[in-house]
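Novice: What would the 3D arrangement of this be:
(one chain, ligands or ions: 2)
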Amino acid sequence: MGADRWDGLIVGPTLVTLADDTGYGLVADGALGWRDGVLTYVGPASGLPAPPETLAHEVTDAGGCITPGLVDCHTHLVFAGNRAGEFEQRLQGASYEEIARSGGGILSSVRAVREADEDVLLAQSLPRARALVADGVSTLEIKSGYGLDLDNERKMLRVARRLGEALGISVRTTYLAAHALPPEYAGRADAYIDATIEWLPQLHAEGLVDAVDAFAERIGFDATQTRRLFASARALGLPVKLHADQLSDGDGAALVAEFGGLSADHVEHTSEAGVAAMAAAGTVAVLLPGAFHVLRETRLPPLDAFRAAGVPMAVATDCNPGTSPLLSLRQAMQLACTHFRLTPEEALRGATVNAARALGLDDRGRLRAGLRADFVHWDVREPAELCYWLGGRLARAVHAGGRPVAT
Ligand code: NIG
Ligand code: FE
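Specialist: Numbering: from 1, shown residues only. Ligands and ions are numbered 1, 2, ... in the order given. Purely as a prediction, here's the structure:
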């Protein structure tokens, strides 16, 4: 094979390929080879075309399980400070909406982000990103939305890009200036949406925006404002996603589906009509059980309706300082099983195949020759264990684009 040798080959583990649309796609006594960042062989060790040592520069014999690299498709992990005080207030009976309306909540993180310079923001965000990677994440979506002016939104998005470079993983950035109304625009939400529409092409031209998001809610933005922003995203060819129907049914799922959106996220209050619109548009439902858990919500997303309509369900951490200070996607999968009764297989598919789709990525999320060599080698005997253990350290190694990332 000489120069054509693969970069690496692991022989012996169980492969959890998720190759088909149902089932884990298990391959016992498997082999996984890769070269130049792409998977070259995924199958039984007995099917390798030649003796392993002749095929690859580096051959490892190992047990355990290998899954696709996890994809965290919804996070707000670039922020400064924390909101542990609000956690205590909510335990005393205050609601998330009440705290937001009195100037806390998202706006409290906006103050902290505006005060932090780019390096400080990076230094505070890096350990959170590292924690996600250590538990299996090789693709990470990060939203802006705590800057709420041009310079501070730019600062957040730049930090997101720098995190990807620092860790050697894929970071997808989402512009979420329509997250809350900043104090300088109090009472002028339409004018603020005009401003976010003006900033978008500038940040996009700087290579900082992969998608556009908004918070459509009583304490966020209304449907007309969201539509105006989405129309400007569409004019730039940018995909959209939406914080939809989290605290109330505002027809958010149908709205984002109307724009062919990648995903509707949260969706606890989404109606049957919203589910049908998502199914028709191919919009993914991103479930965020961390926020559900922390806010002690009781209203479940319409899970059976998603299943019946064939709406793909993704699972993400929603890592953020207010509603979901969650630093493990595997833990989010665990919460999706316990609170939403997803099967462990649905949860894993939700954090891989369907999460990649929620980001518009079709080169990852499964183990198949020709896809990116993003994979996790776990110290488990069967894939259900990924959702079974709460906490702990299960990932032996995480590879992104064929390279091991430091965990
Ligand atoms: O996804 N709902 C709005 N955005 C975040 C929370 C942001 C915050 O409270 O800082 C969410 O839950
Ligand atoms: Fe969110």
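
Novice: When you work out contacts or count neighbours from here on, use the C-alpha atoms and nothing else.
Specialist: OK.

Novice: who in the stretch 1-150 of the chain is up against ligand 1?
Specialist: Proximity of the stretch 1-150 of the chain to ligand 1, by CA under 6 Å from any ligand atom, involves residues G105, I106.

Novice: What ranges does the stretch 1-150 of the chain have for its strands?
Specialist: 6-11, 14-16, 26-27, 30-35, 38-44, 56-61, 65-68, 70-72, 137-143 (DSSP state E, counting those that start in this stretch).

Novice: tell me the average confidence for the second one?
Specialist: Yep, that's strand 14-16 we're talking about. For strand 14-16, the mean per-residue pLDDT is 98.

Novice: That one pairs with which strands?
Specialist: Here strand 14-16 has these sheet partners by DSSP bridges: strand 26-27 (antiparallel), strand 65-68 (parallel).

Novice: same deal with the first one?
Specialist: Each strand that pairs with strand 6-11, with its direction, by DSSP bridges: strand 30-35 (antiparallel), strand 56-61 (parallel).

Novice: quick one on the thing from earlier: and the strands of the stretch 1-150 of the chain, which is most packed in?
Specialist: Mean neighbour count (mean count of other CA atoms under 10 Å) peaks for strand 70-72 among the strands of the stretch 1-150 of the chain, with a mean of 33.

Novice: Run through who's touching that strand.
Specialist: Under the contact criterion CA atoms under 8 Å, 6 or more residues apart in numbering, strand 70-72 has outside partners 136-141, 315-317, 329, 351-352, 355-356, 365, 375-376.

Novice: Quick check: R172 vs G47, distance?
Specialist: Applying CA to CA, to the nearest Å, the value for R172 to G47 is 36 Å.

Novice: Look at these two and report which has more neighbours.
Specialist: R172 (23 against 11; other CA atoms under 10 Å).

Novice: and whichever residue of the stretch 201-350 of the chain sits closest to ligand 1, how far is that from A116?
Specialist: With CA to the nearest ligand atom, the shortest gap between the stretch 201-350 of the chain and ligand 1 falls at G322, namely 3.8 Å. Plainly put, G322 is 18 Å away from A116 if you go by CA to CA.

Novice: next one: E184
Specialist: Note on E184: its distance to A116, by CA to CA, is 19 Å.

Novice: swap in R83?
Specialist: 16 Å.

Novice: Please apply the same query to E98.
Specialist: 26 Å.

Novice: Looking at those two now, which is surrounded by more residues?
Specialist: Taking other CA under 10 Å, E98 and A116 do not tie; A116 has more neighbours (17 against 13).

Novice: What's the end-to-end length of stretch 62-81?
Specialist: Start-to-end, stretch 62-81 (CA to CA) is 41 Å.

Novice: quick one: average pLDDT of it?
Specialist: 98.

Novice: Stretch 305-320 now?
Specialist: For stretch 305-320, the per-residue pLDDT averages 98.

Novice: Redo the strands paired with strand 14-16 as JSON lines? Include distance to E268.
Specialist: As requested, the strands paired with strand 14-16 are exported to JSON lines (distance: least, CA to CA, whole Å):
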{"stretch": "strand 26-27", "distance to E268": "32"}
{"stretch": "strand 65-68", "distance to E268": "28"}
